[in-house]
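> Next come a sequence and a model predicted from it.
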Number of protein chains: 2
Amino acid sequence: MREAGSRRRAGGRAARLAERQARVDGGAVRPGLAGGAYRPLTESDMTAIYETALDLLEDIGMASAIPTFVEVVTAAGGRVDEHGRLRYPRSVVERAVETAAGGFTWHALDESKSLDVSADKVYFGTGGAALSVLDHETSRFRDSTLADLHDISRLYDTLEHLHFFVRPVVARELDDPYLLDINTVYATVAGTTKPVGSAYFSAEAVTDSVEMFDHILGRPGRFAERPFLLANNTFVVPPLRFAEESAEVLVAQVLAGMPVCLLSAGQAGATSPAALAGSLTQALAECLAGLTTVNLLAPGHPCVMGLWPFVSDLRTGAMSGGSGEEAVMNAAAAQLANWLGLPSGVAAGMSDSKLPDMQAGHEKALTVSLAGQAGANLVYESAGMLASILAFSLEAMVVDNDMLGAINRSIRGIEVTAETLSGEVIRQVVDGPGHFLGNDQTLALMQSEYTYPRVGDRLSPDDWIDAGAATAVDRANDYVVAALAEHHPAHIPPAVDAAIRDRFDIRLER
Amino acid sequence: MREAGSRRRAGGRAARLAERQARVDGGAVRPGLAGGAYRPLTESDMTAIYETALDLLEDIGMASAIPTFVEVVTAAGGRVDEHGRLRYPRSVVERAVETAAGGFTWHALDESKSLDVSADKVYFGTGGAALSVLDHETSRFRDSTLADLHDISRLYDTLEHLHFFVRPVVARELDDPYLLDINTVYATVAGTTKPVGSAYFSAEAVTDSVEMFDHILGRPGRFAERPFLLANNTFVVPPLRFAEESAEVLVAQVLAGMPVCLLSAGQAGATSPAALAGSLTQALAECLAGLTTVNLLAPGHPCVMGLWPFVSDLRTGAMSGGSGEEAVMNAAAAQLANWLGLPSGVAAGMSDSKLPDMQAGHEKALTVSLAGQAGANLVYESAGMLASILAFSLEAMVVDNDMLGAINRSIRGIEVTAETLSGEVIRQVVDGPGHFLGNDQTLALMQSEYTYPRVGDRLSPDDWIDAGAATAVDRANDYVVAALAEHHPAHIPPAVDAAIRDRFDIRLER
């Protein structure tokens, strides 16, 4: 339950309790469990941040607005000031917040895997644009490739606690923006039937890739009805300046009916204020500018508020993704967006470590657990990322999958009912065997109350030594090798694939 | 802020906001920041659990009560039933909860390091009784020794994010309970001037060690006035049965004026219900039995509610310390105790991994961050523990220290004030340089808003390779070797030490 309820959503508490009850019958975890039990900001904190963001947009506005943005915003009552900045009257922004989509379905090629992105529902996925992979055969860093991206997509397809896949690595061998975009979405989509996402450098590629998606879905116009690819769009260069090329791409995405995550990724102390509250405020202002503009272009278009308030290590200026400051800021960003009644997407699970080591583990778990507990709808970067998101590790993604299962279990929380309170069971045990082993309740709850790791080890020390004394990453490597050898999704029929390859310059080998 | 306030404490929200404000001026983190922003249980959940626990104590009661317990509880209105179980009328328990100490000072030999254990204040420390250490020279497991315990205490003394030290390893070479207890507290106390704790097997050792502590403090009776050692006491064998020997030791501890943590460590599905709510309920009932009894023996005696609801892997029956179920249960345990207005102490940071690897990192961070965010006063086991608390690693303790700093930073939260909202700073930057590097706010907040890791790496990949491509654990090993060579606390003067060694059979070499 929110402190004073969402600004727009009512009945969250009752819904959450009802849902918790339902979950008792449905296995230990599932996608879309309700977060929101962690609330780093108070109601008055959030009001102050929102009011300040509205002030910033009205009094300072955004630089470098493209003509399309100027057109729709001035038509709604905004203006371009004497410095060329596009000013957003607060009433225009408030109206956008009130009327924007409070949720949407992120479709999957396998419709049973679609996500209802709304309320406090939490989903875990990847994201980012790493330039290197920690090669799972050589254990060395090298440039990431299109084949890596496809492999990672296939691996993702096998991991039960990952709910969406936004391309985490860049195909470094492709220089041309159009070619990169088209091949990126192809390699991504071909690897999995779960929801996917990407980012685009070319507006033309947006339009053309929708043609590809329609082909996969069977007829023209089908993607707009069932969009299964969400675009991350870094439409802003903080502070308070539009990124013109990305803005043009954003227009194409909106026109194509492609859901977008409006990303503001300022770095505190460099491109946003060092004060955490200020960094959040600026990110909110920027995302509100994007949201308002998109909603003026296409009212109700599915948008995710992508406040990604990044942290710099102020000693060096380098980005730091795994810090406590990052953890609390991303959680607060999710809380803010949810409080405004808008879908939230944050970046958590970034680690500054170069290796899938203990540091990586604790940095990931701290940031992801707080984001998830705060109710972030989309937790990007939650698996595989290392080196302050410069590098990706397949083994890390597998270990992170275990972590995400445990975090999701903690988000599910504790169902308190007459039955789960267990008064009668305790009485029976005290009167009887004196322990709960083999008790009916114990057997009944073994699968529905508990999650089990895939590569995480729970053996006794002796058994662990007998089993080879391996680390979680060693076991993850075994898993990666087996999954890549065995899992070859074939959801794109050969004829469709041939037609796509006929139409587009697809570089991924068959 | 609590959903409907603590049952006993008022003004928590105002106090927390005032405190947050104060923190802006005092460095990035400090011991005793206020948790409570994460609330896994609702008010009605907590009421239901408490009511059920009261029912259990009234209707089933506790087996194996020692004569002293029977005496004080029956004098207060309880009775021994036909099965020999000691029944606690709910009014007696409720009165104990109302009148018990809501907080206490855990003194340190260096009084500036004493802890105010109360309200939602969060402190991190060690705990447990590991039987092995992962040797920092050989990287192999071996039996833990008294020298290990002293080394770990000295290492703890150097780590800034660890606030209390309860003996985490057992001196395996000492078989005699009295000798083990006396040497354990000596090796612990001799290593640090920060707050310490232990556990006792011998009631005689409790009394005699207080004589040792009085010696260190300078005069007889001084320890009772300034108790700097807190005893963990596992006074219960779940379900609902007193551990008779520990109960006798508990009486000695209470009479000696030694603060106690009343530990109930049932394993869900084995010695407590598999339903998480039931496991919590049973642990609460057991700790309330302990609290009530201690308060009848010595009203207001400093007690920590040590609900340690452990999880079994139900496939094998083995304890599992690093799961999502463990994370949410310990957080809920802290929330429950705090809601009752009682000091809370939980176990988090336990990992099932045998090595300080990525699994250990994520299991520790998930469990500790949720316990801390829930406001656990004492987060035991938060550093160094591996192998489901069977083993201890010095390197892990050092890496965990970084993790605890980051978690503590996230607990501090985000101060939202006219200044931190940064509206003016953003305006200046937009009108001026276009970035926040070198801005007065950035420079001013570099130390007070941000924490920095000790062995955590934030270098660029190239710089990291140039620096030797080490893991966090490699760097922690360097730290351990240096700290053990250099840090030799000498707060026990030679004459006092000689007198102690004269009086007791101290096995630690000088």
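Received it, and whenever you're ready, just let me know what you need.

> From the chain's centroid, how far away is stretch A:290-297?
How far stretch A:290-297 lies from its chain's middle: 21 Å, per CA atoms, centre = their mean, to the nearest Å.

> Is there proximity between stretch A:150-159 and chain B?
No - Stretch A:150-159 is not in contact with chain B by CB under 8 Å from any CB of the partner chain; minimum separation 14.8 Å. C-betas here are computed from N, CA, C, even on glycine.

> How about the contacts made by A:Lys354?
A:Leu134, A:Phe141, A:Leu386, A:Ala387, A:Ala391, B:Asp457, B:Leu459, B:Pro461, B:Trp464, B:Ala469 (CB atoms under 8 Å, 6 or more residues apart in numbering or on different chains).

> and the first one, how many neighbours?
Same thing as A:Leu134. As a burial measure, A:Leu134 scores 23 neighbours (other CB atoms under 10 Å in any protein chain shown).

> same check, this time on the fourth one
A:Ala387 is flanked by 28 other residues according to other CB under 10 Å.

> confidence score at it?
Listed pLDDT for A:Ala387 reads 95.

> Contact partners for it?
Listed by CB under 8 Å, 6+ apart, the contact set of A:Ala387 reads A:Ala130, A:Ser132, A:Ser351, A:Asp352, A:Ser353, A:Lys354, B:Ser460, B:Pro461, B:Trp464.

> likewise the second one?
When the contact criterion is CB under 8 Å, 6+ apart, the partners of A:Phe141 are A:Ser132, A:Val133, A:Leu134, A:Asp135, A:Lys354, A:Ala391, B:Pro461.

> Please tell me which one of the residues you listed counts the most neighbours.
The most crowded member of the contacts of A:Phe141, judged by other CB under 10 Å, is A:Lys354 (28 neighbours).

> Hmm, A:Arg167 is touching A:Thr192, no?
No - A:Arg167 is not in contact with A:Thr192 according to CB atoms under 8 Å; the separation is 11.3 Å.

> More neighbours: which of those two?
More crowded of A:Arg167 and A:Thr192, by other CB under 10 Å: A:Thr192, with 27 against 23.

> ok but that one is inside a strand, no?
No - counting by DSSP: H, G, I helix; E, B strand; the rest coil, A:Thr192 is not part of a strand but coil.

> Skipping adjacent residues, who's closest to it in space?
A:Asp157 (3.8 Å; CB to CB, 6 or more residues apart in numbering or on different chains).

> ok, that neighbour - how many residues close by?
20.

> correct me, but it touches A:His488?
No - counting by CB under 8 Å, A:Asp157 stays clear of A:His488, with 9.9 Å between them.

> Report pLDDT for A:Ala18.
pLDDT for A:Ala18: 45.

> tell me the centre residue of chain A?
A:Tyr380 (2.7 Å; CA atoms, centre = their mean).

> Please write out the alpha-carbon positions of stretch A:144-153 in PDB.
Presented in PDB, the C-alpha positions along stretch A:144-153 are these (Å, rounded to 0.1, in the frame of the first residue of the first chain):
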ATOM      1  CA  SER A 144      30.700  -7.800 -28.800                       C
ATOM      2  CA  THR A 145      29.200  -9.100 -32.100                       C
ATOM      3  CA  LEU A 146      25.900  -9.800 -33.700                       C
ATOM      4  CA  ALA A 147      26.400 -13.500 -33.000                       C
ATOM      5  CA  ASP A 148      26.900 -12.700 -29.300                       C
ATOM      6  CA  LEU A 149      23.600 -10.800 -29.300                       C
ATOM      7  CA  HIS A 150      21.700 -13.700 -30.800                       C
ATOM      8  CA  ASP A 151      23.400 -16.200 -28.400                       C
ATOM      9  CA  ILE A 152      22.500 -14.000 -25.500                       C
ATOM     10  CA  SER A 153      18.900 -13.800 -26.700                       C
END
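
> excluding its backbone neighbours, what's nearest A:Thr316?
That would be B:Arg458: by CB to CB, 6+ apart, it lies 7.2 Å from A:Thr316.

> who's in contact with the residue nearest to A:Thr192?
A:Phe165, A:Gly191, A:Thr192, A:Thr193, A:Lys194, A:His487, A:Pro489.

> now A:Phe213
By CB under 8 Å, 6+ apart, the residues touching A:Phe213 are A:Val185, A:Val189, A:Arg222, A:Phe223, A:Phe228, A:Leu229.

> among those, which two are most distant?
The span of the contacts of A:Phe213, defined through CB to CB, is set by A:Val185 and A:Arg222 at 15.7 Å.

> all strands of the stretch 201-350 of chain A, in order?
Counting by DSSP state E, counting those that start in this stretch, the stretch 201-350 of chain A has these strands, from start to end: A:229-233, A:260-264, A:267-268, A:303-307, A:310-312, A:319-320, A:345-347.

> ditto for the stretch 51-200 of chain A
Taking DSSP E, counting those that start in this stretch, the strands of the stretch 51-200 of chain A run over residues A:79-80, A:86-87, A:103-106, A:115-118, A:121-124, A:132-134, A:141-143, A:165-166, A:196-198.

> out of these, nearest to B:Arg172?
Shortest distance between B:Arg172 and the strands of the stretch 51-200 of chain A, using CB to CB, is found for strand A:132-134: 39.4 Å.

> does chain B sit close to the top helix by length along chain A?
Looking only at chain A and at elements set by DSSP state H, the helix with the highest residue count is helix A:276-297. Yes - applying CB under 8 Å from any CB, one finds helix A:276-297 touching chain B at A:Leu276, A:Ala277, A:Gly278, A:Ser279, A:Leu280, A:Thr281, A:Gln282.
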